[in-house]
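Engineer: Got a sequence here, can you build the structure:
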Amino acid sequence: MIGLIVSFVGTLFGGGGLIGMPSMLLYGIPIHTIIAANKFSNMISSFSSFYVLFKKREICLKEMYVLVPIALFSGGIGALIAKWMSEQLLTVVAFLLLTLSFILSFVPKQVEKQEEEKVPIVHLSPYLFSIGMYDGMFGPGQATLLMMTYIRHHFSYLRAIALSRCQTFISCLGAFIIFQASGLVNWSVAIPLSLGSFIGAQISVRFAKHLKLPVIKIVLQIVTGLFIVHLSYSFLLGGM
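Structural biologist: Now for the predicted structure:
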């Protein structure tokens, strides 16, 4: 059930980790085991939802040629960093990234365009690489960061989902390889989480076409704000 809800919310709006990680921590699962299980689960759910949108031609192979090396390399590096980072330090990194994203979501644009602006994916490489590293070493909120990056560059909502799902699949694959090699994958956690994620992803991509962009932007801001509050509380509680 956790996997289903996280995948549904994360695919449509990002921020599914706001639900998933605290819920799994309540079970007493170690933080690095949770991250490793989430990488495997996100691989399954993101690929299943990405494939549906790929068949609908919301993303092309040319864009994937740029995304794949960026996501694979950044996700692997993020996982290597996570092996020696403490939970408190990971929380600080997540807080800073999401706070920046939240602030940027309220910055007015000089020109509002209704049609999609064809921004080459390669021009977004610094943003995508940074988010991929964050995904590899922690994860919650990375879909929100990706969605906001694409939407702020005038990508359509469905294309933003497709590109975000593609990068999530590849960056999680790179991170999962590192975690598996390190013996941090607990299959009794990863497999049921993945089954729920697969179902949630399939439901969400079929629901996405009914959503309107103004509503999406508001939900993205609300989810990001809630996640920042959660991280702040977790950080302060851990420091007490």
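Engineer: and the residue lying closest to Phe176 once chain neighbours are set aside, what does it touch?
Structural biologist: Leaving aside its chain neighbours, Phe176 sits nearest to Lys39 (4.3 Å; criterion: CB to CB, 6 or more residues apart in numbering). Bear in mind the C-beta positions are built from the backbone N, C-alpha and C, glycine included. Contact analysis of Lys39 by CB atoms under 8 Å, 6 or more residues apart in numbering lists 79, 136, 139, 172, 175-176, 179.
Engineer: cutoff 6 Å now
Structural biologist: For Lys39, the contact set (CB atoms under 6 Å, 6 or more residues apart in numbering) comprises 172, 175-176.
Engineer: any idea how far it is from Ile103?
Structural biologist: Plainly put, Lys39 is 28 Å away from Ile103 if you go by CB to CB, to the nearest Å.
Engineer: just Ile5 next, same as before
Structural biologist: 27 Å.
Engineer: Give me the more crowded residue out of the two.
Structural biologist: For Ile5 versus Ile103, neighbours defined as other CB atoms under 10 Å are more numerous around Ile5 (16 against 10).
Engineer: Remind me which helix or strand the closest residue to Tyr127 other than its chain neighbours belongs to.
Structural biologist: In space, Tyr127 comes closest to Thr149 once its chain neighbours are excluded; the distance is 5.0 Å by CB to CB, 6+ apart. Taking DSSP states H and E as the definition, one finds Thr149 inside helix 142-152.
Engineer: Likewise for Trp84?
Structural biologist: Short version, using DSSP H and E: Trp84 is in no helix or strand.
Engineer: what about it, how many neighbours?
Structural biologist: Around Trp84 sit 8 other residues, with neighbours defined as other CB under 10 Å.
Engineer: picking up where we left off before, and the helix holding Thr149, how far out from the chain middle?
Structural biologist: Distance of helix 142-152 from its chain centroid, counting by CA atoms, centre = their mean, to the nearest Å, is 9 Å.
Engineer: same deal with stretch 148-158?
Structural biologist: 15 Å.
Engineer: Buried residues, it. List them.
Structural biologist: 148-155, 157-158 (16 or more other CB atoms under 10 Å).
Engineer: so, if you compare those, which one comes nearest to Leu96?
Structural biologist: Met148 (15.0 Å; CB to CB).
Engineer: Tell me how far that closest one lies from Ile103.
Structural biologist: 11 Å.
Engineer: swap in His32?
Structural biologist: To Ile103, His32 is 30 Å away according to CB to CB.
Engineer: and the spatially most central residue of the chain, what pLDDT?
Structural biologist: Against the mean C-alpha coordinate of the chain, by CA atoms, centre = their mean, the closest residue is Ala143 at 2.8 Å. Predicted confidence (pLDDT) for Ala143: 79.
Engineer: Check Ser182 too.
Structural biologist: Ser182 is given a pLDDT of 88.
Engineer: that older thread, could you identify which of the contacts of Lys39 has the most neighbours?
Structural biologist: Ala175 (34 neighbours).
Engineer: Got the phi and psi for it?
Structural biologist: Torsion angles at Ala175 (phi, psi; degrees, to the nearest 10) stand at phi -70, psi -40.
Engineer: Next, count neighbours for the residue nearest to Leu53 when sequence neighbours are not counted.
Structural biologist: Of all residues not flanking Leu53 in the chain, Ala162 sits nearest, at 3.9 Å (CB to CB, 6+ apart). By the measure other CB under 10 Å, the count of residues near Ala162 is 28.
Engineer: Please identify which helix or strand holds Ala162.
Structural biologist: helix 157-181.
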